[in-house]
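Enquirer: Fold the stuff below for me.
(chains A and B)
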Amino acid sequence: MNGKTDRNPAAAVGVDESAGFVGIAWRRLRRDRYAMTGLYLIVALFVVAYLAPVLANSRPIAMRFEDRLYFPAVAELFPFKYVLRYPELRTLDFAEIRGDESISQLRAPVPYSPYESSLDEKLAPPSRSHWMGTDTLGRDVCSRVIHGAAIPLKVGLVAVAIALAIGLTLGSLAGYYGGVTDILISRLIEVVMCFPVLFLVLAVIAFLPPSIFNVMVVIGITRWTGIARYTRAEFIRIKNEDFAHAARALGASDRKIIFRHILPNSLAPVLVSAMFGVAGAILVEAALSFLGLGVQPPTPSWGGILSDAREFLDVAWWLALFPGLGIFITVTAYNVLGEGLRDASDPHHALPESR
Amino acid sequence: MLIYTLRRLAYLVPTLLGITIVTFVIISLAPGNPADVVRGTATVSPEVYDEMLRLYGLDKPVLVRYGIWLQRLVTFDFGSSFVDHRPVLAKVGERLPATLILNGASLFLTLLFAIPFGLYSAVRQHSKFDKIGGTVLYMLYSLPEFWVALLLIMLFGVKLDLLPFIGIESLNAGELGFWARLWDRLLHMVLPTVCLTYGALAFLSRFVRGSTLEVIHQDYIRTARAKGLDDSRVVYKHIFKNTLIPVVTLLGILLPTLISGSIILEYIFSWPGIGQLFFNSVMSRDYPTVMGLSFITSLLVLLSTLVADLLYTWVDPRVSYERKN
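Expert: Just a heads-up that it's a prediction; the model follows:
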C-alpha cells in the first residue's frame, strides 16, 4: 500500500472515487469536435517539427553505400548527432546523388535541406519537384516551412511558461494578501497593460542582440498581465470559500494554503488564458521575425520567409502563401483548444445548451 | 458622478507615474548609449565623447536623469530626436493624424458591422448564418494581419492593379484637384483599413454575440415576449440596448490592439503614421522619440480606458459609481 491511498479517505473506505474536476473537464473536452481537432493539430505540428530532419532532408532516410546500410537523415533526429555522424559519408554530396538510380536509397518525402540553395532554380513556382516553390536563393520553401515549425512551437511554450511564472506569482500574491500588496501589483498590471503589445516588445527587443532566446524572454516578461489578472480574481474568490477557511482554522501555513488548496483550484481559467497566450506569443514571434528582429536568416522561420515574400510580391505568391498558412493553422489550433478548454472547465457554459 | 470622475482622474496619477518609470527603465537598461549612436562609426576623441555625454545629460546618475526627464515630461517636452534633431513632439504631431485616421476608420467600421452581425447571429442562434458566420469570424481572428496584408497587396495591388498600397497618397497628389486628391487618399486607405479592421471586427462580433445570448435568456426578455411585443421591438428596444453596455467597456481594450496592429501595417504599407515612426526610431535607437512615443501611446490608451469606464457608469445605471464600503 502506498502513501497516497492512505491520505484519500474515499479510497480507504472503498468508495468509488468520482471522476474529479480534471476527469469531468477532459470528458467534456473530448466531446468537443473543434477542440479535439485543435488538439490533434497541435500534436501533429509537434510531430512534424520533431521529425523535420526525416521529412525534409537532402540526406536519404536509408541508403546502401559500398555494401553498407546507412540512415543519414534519421541520424539527425537525435541531439547527440556525433554518435551517428557517419564519417565515411562526409565526402558524399547528397544533393548530387538525389536522382542517382545506381545507389539504392529511400529519399525523404521532401528531398531538400532547408539551407541547400541551387542558384539556377531561383524563385521557381511550385512544381512536382518543389511542392511550395523555391525562394530567392533557390532553397526549397516546403523544406524551410517544415523546419520552421519548431520555432513558433518552442517560442509559444517557453514564452508562456515565463509569463505563467510571473503571472501566477504576482496574481496569487495580490489575490491572497490583498491590501497594499494588491494595490501595488494591480497598479503594475494596469501600467503594463497600457503599453500596446508590440510597442513594449519592440522597445525591449530592439536594444538586445536579435536571437530567438531574447524573443522568448521578452514576450514572456511583457505578456503576463492576463494570467495575473485571472489568478488574482480566482484567489480572491477561493480564499473565502469554506475549505480555505477550514484549512486556516486547522492551522495550515500560508504557503500550504496557497499551494495545496487555492492554486490547484484556480488553475482552470489560468490554463485557458495560457492557451490563448501561446497563440498570441506565436503571432508576436512571427511578426518580429517578419520585421527582421526575431529569428535571424539563414535559420528558416515562417515570419522570415514572409519577409522575403514582401520583396517579391509581384512574382512569388508561394513565398507568402505557405508560411502564412503555417502560422494561421498553428494559431487557430491553440485558440480553438483554449476555447474548448474554457467551455469544458466552466460549468456555467454548459447551462444554455442543456435548456 | 462628478466626484466619481474626479476620483477616477486621481487614480490616473500613480498609473501615469508607473508608465514613466517603465518607459525610463527600458531605455536605461538598453546597452549602448545615444552618444555611441550619434557618433556612429567615426572615431571621436575622448574629450568630444565626454562633451556629447554631457550634452545628452548622460553623465548624471540614473535617478537624476529620471527626475530631469519627468520634469520636462510635465510640459510635454520630450527633447529632440537624435536622428534629425527636431523636437519629438513636433515629429509625433505630424505623424499622429495619419494613424488617427486609419484607426478611426477602422474603429468606425468595426462598430458598424460587428454590432448588427453579433446581434443577428445571437438572435438566430444555431442558424446557418450563425454557424457559418461564426466559423468565418473565428478564422479571421487567428489570421496574422501582416500575412493578410501581403496576400491582399499581391491580389488587389499587383495582380489586379486595382488599389494602391504604398503610402498615404500618390506621388503626383500635389497636382490633383481637391476631389481627385480626396479620392486618391481614400483609395490608399482601403487596404490598410481592411487589414486593421478584420481582427477587431471578428473579436467584437463574437463578444456582442456572447453578451446578446446572455441578455436573451433574461427574464425581462421573456416578459417582453410574453406581453406580445413583436420580434423587432424586443430585439431593438430590449436586447440591443442592453447588449451595448458591455461593448462600451471593450473600447478600452480595442484601442491598444489597433495601435499595436498599426505598427506592422504602417511598416508594410509605408503609412506615415506613429507606428512607422516608432519602428524607425527603434531601429535607429532614437531614444527620445521611442520614449516620447511610448509615453504618448500609453497615455492615449489610459485615457481611452478612462472614457470607457465613465461611459460604462453613464450608460448602465446599475453600476454604482459610489464607493461600496
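
Enquirer: for A:Arg59, phi and psi?
Expert: Phi and psi for A:Arg59, reported as degrees, to the nearest 10, are phi -80, psi 140.

Enquirer: What residues does the stretch 51-200 of chain B have near chain A?
Expert: B:138-139, B:141-144, B:146-147, B:150-151, B:153-154, B:157-158 (Cβ under 8 Å from any Cβ of the partner chain). In this view, the C-beta of every residue, glycine as well, is placed from N, C-alpha and C.

Enquirer: can you do 10 Å?
Expert: B:125-126, B:135, B:138-139, B:141-151, B:153-155, B:157-159, B:165 (Cβ under 10 Å from any Cβ of the partner chain).

Enquirer: If you go by neighbour count, which of these are buried?
Expert: Using 16 or more other Cβ atoms under 10 Å in any protein chain shown as the burial test, these include B:138, B:141-151, B:153-154, B:157, B:165 as buried.

Enquirer: Now intersect the residues of the stretch 51-200 of chain B next to chain A with the helices, please.
Expert: With helices taken from DSSP state H, the overlap with these comprises B:135, B:138-139, B:141-142, B:145-151.

Enquirer: Tell me, please, where in the stretch 151-300 of chain B the pLDDT is lower than the cut-off.
Expert: For the stretch 151-300 of chain B, no stretch is flagged by pLDDT under 70.

Enquirer: swap that for the stretch 1-150 of chain B, sorry
Expert: B:30-44, B:52-53, B:55-59.

Enquirer: quick one: buried residues of stretch A:211-230?
Expert: A:212, A:214-230.

Enquirer: Tell me the span between the first and last residue of it.
Expert: One end of stretch A:211-230 sits 31 Å from the other (Cα to Cα, to the nearest Å).

Enquirer: Tell me how far it lies from the chain's centre.
Expert: On the basis of Cα atoms, centre = their mean, to the nearest Å, stretch A:211-230 sits 13 Å off its chain's mean C-alpha point.

Enquirer: ok, for the residue of the stretch 1-150 of chain A found nearest chain B, nearest residue in space, not its chain neighbours?
Expert: Closest residue of the stretch 1-150 of chain A to chain B, Cβ to the nearest Cβ: A:Tyr34 (8.7 Å). Nearest residue to A:Tyr34, sequence neighbours excluded (Cβ to Cβ, 6 or more residues apart in numbering or on different chains): A:Val336, at 5.1 Å.

Enquirer: now A:Thr332
Expert: B:Ser142 (4.1 Å).

Enquirer: The one you found: what's it in contact with?
Expert: A:279, A:282-283, A:327-336, B:199, B:202 (Cβ atoms under 10 Å, 6 or more residues apart in numbering or on different chains).

Enquirer: Do I have it right that B:Ser81 meets B:Arg285?
Expert: No: counting by Cβ atoms under 10 Å, B:Ser81 sits too far from B:Arg285 to count as a contact (11.1 Å).

Enquirer: Now name the helix or strand holding residue 220.
Expert: Answering for chain A, as no chain was given. Assigned by DSSP states H and E, A:Gly220 falls within helix A:212-222.

Enquirer: my bad, chain B
Expert: helix B:219-226.

Enquirer: Whether that helix contacts chain A - can you check?
Expert: No: using Cβ under 10 Å from any Cβ, helix B:219-226 stays clear of chain A, coming no nearer than 12.2 Å.

Enquirer: Can you tell me which residue is spatially central in chain A?
Expert: A:Leu153 (3.0 Å; Cα atoms, centre = their mean).

Enquirer: how deep is the closest residue to it other than its chain neighbours tucked in, by neighbour count?
Expert: Setting aside the residues directly before and after it, A:Leu153 is nearest to A:Ala49 in space (Cβ to Cβ, 6+ apart), at 5.5 Å. Using other Cβ atoms under 10 Å in any protein chain shown, A:Ala49 has 19 neighbouring residues.

Enquirer: Likewise for B:Gly174?
Expert: Counted with other Cβ under 10 Å, the neighbours of B:Gly174 add up to 8.

Enquirer: ok, now which ones touch it?
Expert: By Cβ under 10 Å, 6+ apart, the neighbours of B:Gly174 are B:Arg181.

Enquirer: Test my guess that B:Leu150 contacts A:Phe322.
Expert: No: between B:Leu150 and A:Phe322 there is no contact under Cβ under 10 Å: 11.9 Å.

Enquirer: mind listing the strands for the stretch 51-200 of chain B?
Expert: When assigned using DSSP state E, counting those that start in this stretch, the stretch 51-200 of chain B turns out to have no strands.

Enquirer: Point me to the residue of it nearest chain A.
Expert: For the stretch 51-200 of chain B, Cβ to the nearest Cβ, closest residue to chain A: B:Trp147, 3.6 Å.

Enquirer: Distance of A:Gly99 relative to A:Arg107?
Expert: Relative to A:Arg107, A:Gly99 is positioned 9 Å away (criterion: Cβ to Cβ, to the nearest Å).

Enquirer: neighbour count winner among these two?
Expert: More crowded of A:Gly99 and A:Arg107, by other Cβ under 10 Å: A:Arg107, with 19 against 10.

Enquirer: So that one is in contact with A:Leu55, correct?
Expert: No: contact criterion Cβ under 10 Å: A:Arg107 and A:Leu55 do not qualify, at 11.1 Å.

Enquirer: what's the overlap in contacts for the two?
Expert: Common neighbours of A:Arg107 and A:Leu55 (criterion: Cβ under 10 Å, 6+ apart): A:61, A:73.

Enquirer: Chain B: helices as residue ranges?
Expert: Using DSSP H, helices in chain B cover B:2-29, B:34-39, B:46-55, B:62-74, B:88-123, B:128-142, B:145-152, B:178-216, B:219-226, B:231-233, B:241-268, B:274-283, B:287-315.

Enquirer: how big is the angle separating whatever helix or strand A:Ala344 lives in from helix B:145-152?
Expert: Assigned by DSSP H and E, A:Ala344 belongs to helix A:317-345. With axes from the mean of the first three to the mean of the last three Cα atoms, to 10 degrees as the basis, helix A:317-345 and helix B:145-152 are set at 140 degrees to each other.

Enquirer: list the buried ones in helix A:317-345?
Expert: Buried, per 16+ other Cβ under 10 Å, within helix A:317-345: A:317-324, A:326-345.
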